[in-house]
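# Predicted model and sequence below, questions to follow.
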Amino acid sequence: MFQHKKPSTMNSHDRPMCVQGDSGLVLTTDPKPRLRWTVELHERFVDAVTQLGGPDKATPKTIMRVMGVKGLTLYHLKSHLQKFRLGKQPHKEFNDHSIKDASSLELQRNTASSSNIMARSMNEMQMEVQRRLHEQLEVQRHLQLRIEAQGKYMQSILEKACQTLAGESMASGSYKANIGSQGLPDMGVMKDFGSPLNFPSFQDLNIFGGDQLDLQHNMERPQLDGFMQNNDNICLGKKRTSPYSGSGKSPLIWSDDLRLQDLGTTPSCLGPQDHDPFKSADQIQISRPSMDRSGADIDSISDIYETKPPLQGGGDSMGEKKFEASVKLEKPSPRRAPLPTDRMNPMINAGAMPQGRNSPFG
Amino acid sequence: MSLVSSAIAMAMAMEDTLELDCSVYSNNTTTTTSPTEHDYGCNRQNWPPIVDWEALAGHDEFKDLIESMMDDGGLNFNLFPSEAVDVVEGGSSNSESADMMAVDDETNNDDCKGLRLVHLLIAAAEALTGVNKSRDLARVILVRLKELVSPTDGTNMERLAAYFTEALQCLLEGTGGVHPKNLIGNGPQRDEQHHQADVLAAFQLLQDMSPYVKFGHFTANQAILEAVSHDRRVHIVDYDIMEGIQWASLMQALVSRKDGPPAPHLRITAISRGGSGSGRRSIGTIQETGRRLIAFAASIGQPFSFHQCRLDSDETFRPSALKLVRGEALVVNCMLHLPHFNHRSPDSLASFLSGAKTLTPRIVTMVEEEVGPIGEGGFVGRFLDTLHHYSALYDSLEAGFPMHSRTRALVERVFLGPRISVSLARIYRARGDDDSNSGGSSGEWLATSGLRAVPISFANHCQAKLLLGLFNDGYRVEELANNKIALGWKSRRLLSASVWTPSDSDFQHPDRCGL
C-alpha cells in the first residue's frame, strides 16, 4: 500500500537547495531545516490518515507510528495534519461516503496531490456511476414488478368479462349459438395470453386449459405434463404448418370451435381440423362480421404470444418456479410480450431481474 | 397542355425532395419490400406540406384528370402509365419511374401505391377546405379512394388511408361536426357498436404490442411515487380512468416502497362524464372499475378507497364537488392518449385543468399525443401531420408484429380508427384558428397557466428506456424538456409525458427517488 518511491530524482532537480537525508526525507538547507512535503511523502501521509479513519480520527502520534518514517516528528505531523484537515473541508463528504470503498481509497491518496482537481472529479464521477448503476438495477427490478401488477390486473378484467359473457350465453340457452354471436372468441383469444390457468369457468374443458398452456409455453415445459395430456391429442401447438393460417395455433383462437365440437367429446376428435375452423370462421369471428374473415387470413393473436422460444428460454427460470408454486398464476406480462431474448438476458444475468420476478407477487 | 407541363414542373420540384434520404419510416416494413434508399419519395417526412394546386388550373381540368384516374385500371399494375394519368398524383412517380425505376416492380409497387394514396388524401383534404374548395371534387376523390383501400387488407398505408378516407367522408357529410355518439362506430362498419369483448381484446393487444400504454402509465406513476414518497395519504384525481389499469402498478409500487411510510392510504377519484346516454354508460364502467380496483388493492394489501366525481352536463369541472381530506397529497392525473377515447372537447379538459389547479395539487401528470409543429398549413397541414402520426403508429405496430395483420387490424379498428376520426374532426372544427387548443399541446397550455415544471428523475427516465428496450428497437425515449419525456417511433414523436406542479407550491422534487 505504501509506495516506496525514491523521491530523490524529482525533487533534486527542482530544488537544488534540498538535501535528502537517509530516511528519504527531503530537508531544506536553510539555517532552520524545514521538512518538504513531497508528493510521495504526502501520499504516505494520506494513506496513514485514511488507515486511521480520516483526518479527524487520526492523531499526529498515530500517524507517525503508521507512517514509520524516520526523522518525522510530531511537530511536522501536527502542522501538516492541521493543514490537511482544513484543506479537505470542501470535499470531506466524499471521503466519508467512500471510506469503506477500496477503490475510492486509491483516489483519495491522490486528492491532495498535484492532480487534485482531476482526482476529485474522478472520485465524484466514479461514485456517480456507481450510484447510477445501482439505481438502474433498482429500476429494472421495480419495472418488472409493476408490469406484472398491471398484467395481473388486466387478467382480472378479462376474467370478469369472460365470466359475464359466459354467464350471458349460458343464461340465454344455446351455448354454442351464443358463443358465436357474442364474439366470445375474442375472450378466448385474450385468455390465451392472459393467465393461462385462471379461468375456472373453462378449466373443466380440458381442451381449453391444455391449449392455453401449450400456447404459452410452446413445448418446453416438462413439469406441465399433467396439463398437457390433452395437448397430445390436440397437438395444436405442434401443428405449426397448419394449412389455414400458417400457424398451428389458429384453431385455438376459435376456442369456441373446440368447445363446439368437443363438448362432451374427446379432444382427439379435434385432430382433423382443417374443415372446422373454416366453417366456424364464418360464424364466429374475432371481430365484426363485415371484416374479412377468410380462414386464410386468420393470423392468430395467439401467435403474438406463442412467439419466440428464446423468450421462453429467458423467462423459464422464473416461470417454472411460479408454476410449481401454484396453479393459479399471474402470468407476468413481459413473458407474454415478445421480448427479444437478447434484451432479457443481460438483465437476467445482471441478477436484478430474477430477484424481482421470483418475489411472489400478490 | 398547360396542365401537364405545370404538373411536370411540380414533379421536378418534388424530385429534389425525393432525393433526400428517406430511410426512416417508409410505410412498408413487410418482407416483400426491401429497404432501399430510393424510396421514391414515399417518406412522407419530406413531403411538401401543401400540394401546389394553384399551379393546376381550375376544376374542369381536374375533373378530366379524375376521370382518367378512374380509368386507370389498377394501381398495382400500371407503373408506367401514360403521363396524363399520373400527373395529378404527382408526376414524380411518373418521371421518377421512367428514369430510376428498377426492374423490381413489386417493391416499388407498394411504395408508389402508398404515394398515390397520400396524394389522393391530400387532394381530398384540399378539396374539402382549401382555396379551391369543392365538395364535389372531394366526394369524387373519396369515392376513388374507397375503391382502392380497405380497412382490413393491404399494407399499412392502405389500411390507414381507409380510415382517413372514412373520416374525411364524415367530415364531408357531417358538415364539419362529428357527433361523439357516432364515433365508436365510425369505422368502415359504421353501424356497429364495438363489442365489449373486442374492446378489451384490442386493449390488451395494444398494451402488449407496443409500449404505448405502459409508457404513459409508468412514467406518470413514477413521478407520482416520487412526489408522495413521504406521505401517508394520497389522493389521485383521474380525468379518464377507463379500466383503471394505470393504478394497478402504482398500488404495487406503493405497497412495496421502502422509504417513507409504507402502504399509504390511496384514494382515487374518477371523473365521470355527466349527461345522459354516454354518461350513463361511462358511470357504469367507472363503478365497475372501482370495484375492480378495490378488489385488486385488497389482494395486495393496499389501503384504498374509490370515489366518483361527476362533471356537469356541459362538462365543466367543479372543484367543490371533490371530497378532499386534510393532510393528503393531491395528485391530478390526465391521460389523453390512446386508448382513451378523447372526444372530450378541449374546453372540457381546460375547465378540468383550471379547476384542478385551484386545488393546489402536489403534482399534475399529463400524458398526451404529440403533434408536429403547427405551421401555416391550416387544415391540410395538420391533416398531413395527423397522417404522419398514425402512419408512424401503424408502422410501429407492424414492426413488432409483421405477420399479424389481422390482430393489428383489430386494434386499428377499435382504437386507432375512431381516434383518427376524432382527431380529424377536431382539426376540422379548428380550421381557420391559428393556435387553438386542438393544435397545441395541453402541456404547453399548462406551462402558461401557472404551473411549473417538475423534473423527470433519472430513475423515471431510466425506467422508460428499459421499458422501451423490451419492445422493438425503433422506439426511443426523447427528453423534450426537463419535465417532459416523449416516446417516439423512429423519428416521429408519438406520445409525451409531463409532470407539473403549481408555481406557488413549495414542492421540491426529492433528490432520491422514492423507489
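Right, received. Where do you want to start?

# Let's test this: mean pLDDT of stretch B:355-364, rounded?
Stretch B:355-364 comes out with an average pLDDT of 86.

# what does it rub up against?
Applying C-beta atoms under 8 Å, 6 or more residues apart in numbering or on different chains, the contact partners of stretch B:355-364 are B:223-224, B:227-228, B:237, B:316-319, B:322, B:324, B:329-334, B:353, B:446, B:449-451, B:454, B:499-502, B:504-505, B:507. C-beta: built from backbone N, CA, C; applies to glycine.

# which of those residues are buried?
Burial by neighbour count, 16 or more other C-beta atoms under 10 Å in any protein chain shown: within the contacts of stretch B:355-364 this picks out B:223-224, B:227-228, B:237, B:317, B:322, B:329-334, B:353, B:446, B:451, B:454, B:499-502.

# how about low-confidence regions in the chain?
Went with chain A since none was named. Within chain A, the stretches with pLDDT under 70 are A:1-25, A:28, A:30, A:32-33, A:88-115, A:169, A:171-362.

# Can you look at chain B instead?
In the predicted model, chain B carries pLDDT under 70 at residues B:1-108, B:175-194, B:274-281, B:313-315, B:341-346, B:374-377, B:431-444, B:509-515.

# Could you chop it up by domain?
As assigned by the TED database, chain B contains the domains B:109-177+B:378-429, B:211-374+B:440-507.

# Out of these, indicate the one that is most buried.
Among the domains of chain B, ranked by average contacts under mean count of other C-beta atoms under 10 Å in any protein chain shown, first place goes to domain B:109-177+B:378-429 (a mean of 22).

# May I have the distance across that domain, first residue to last?
Domain B:109-177+B:378-429 has an end-to-end distance of 36 Å (C-alpha to C-alpha, to the nearest Å).

# For whichever helix in chain B runs longest, name the packing helices and strands.
When chain B is parsed with DSSP state H, its longest helix is helix B:105-129. Counting contacts by 3 or more C-beta pairs under 8 Å, 6 or more residues apart in numbering or on different chains; DSSP states H and E, helix B:105-129 is packed against helix B:91-100, helix B:135-148, helix B:156-173, helix B:378-400.

# what do you get if the cut-off is 6 Å, keeping everything else the same?
With contacts defined as 3 or more C-beta pairs under 6 Å, 6 or more residues apart in numbering or on different chains; DSSP states H and E, the packing partners of helix B:105-129 are helix B:135-148, helix B:156-173, helix B:378-400.

# quick one: which of these is nearest A:Lys70?
For those, the distance to A:Lys70 is smallest for helix B:378-400, at 72.9 Å, taking C-beta to C-beta.

# any idea which helix or strand comes after that closest one?
Using DSSP states H and E, the next helix or strand after helix B:378-400 towards the C-terminus is helix B:405-411.

# what helices or strands is that following helix leaning on?
Counting contacts by 3+ C-beta pairs under 6 Å, 6+ apart, helix B:405-411 packs against helix B:196-209.

# Pull the helix it packs on out as PDB, backbone CA atoms only.
Extracted as PDB, the C-alpha positions of helix B:196-209 are listed here (Å, rounded to 0.1, in the frame of the first residue of the first chain):
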ATOM      1  CA  GLN B 196     -67.100  -5.100 -25.200                       C
ATOM      2  CA  ALA B 197     -65.000  -8.200 -25.800                       C
ATOM      3  CA  ASP B 198     -63.500  -6.600 -28.900                       C
ATOM      4  CA  VAL B 199     -62.600  -3.600 -26.900                       C
ATOM      5  CA  LEU B 200     -60.900  -5.500 -24.200                       C
ATOM      6  CA  ALA B 201     -59.100  -7.700 -26.600                       C
ATOM      7  CA  ALA B 202     -57.900  -4.800 -28.600                       C
ATOM      8  CA  PHE B 203     -56.800  -3.000 -25.400                       C
ATOM      9  CA  GLN B 204     -54.800  -6.000 -24.200                       C
ATOM     10  CA  LEU B 205     -53.200  -6.200 -27.600                       C
ATOM     11  CA  LEU B 206     -52.400  -2.600 -27.800                       C
ATOM     12  CA  GLN B 207     -50.700  -2.900 -24.400                       C
ATOM     13  CA  ASP B 208     -48.700  -5.900 -25.300                       C
ATOM     14  CA  MET B 209     -47.800  -5.000 -28.800                       C
END
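
# report the angle between the axes of it and helix B:378-400?
Orientation of helix B:196-209 against helix B:378-400 (axes from the mean of the first three to the mean of the last three C-alpha atoms, to 10 degrees) gives an angle of 80 degrees.
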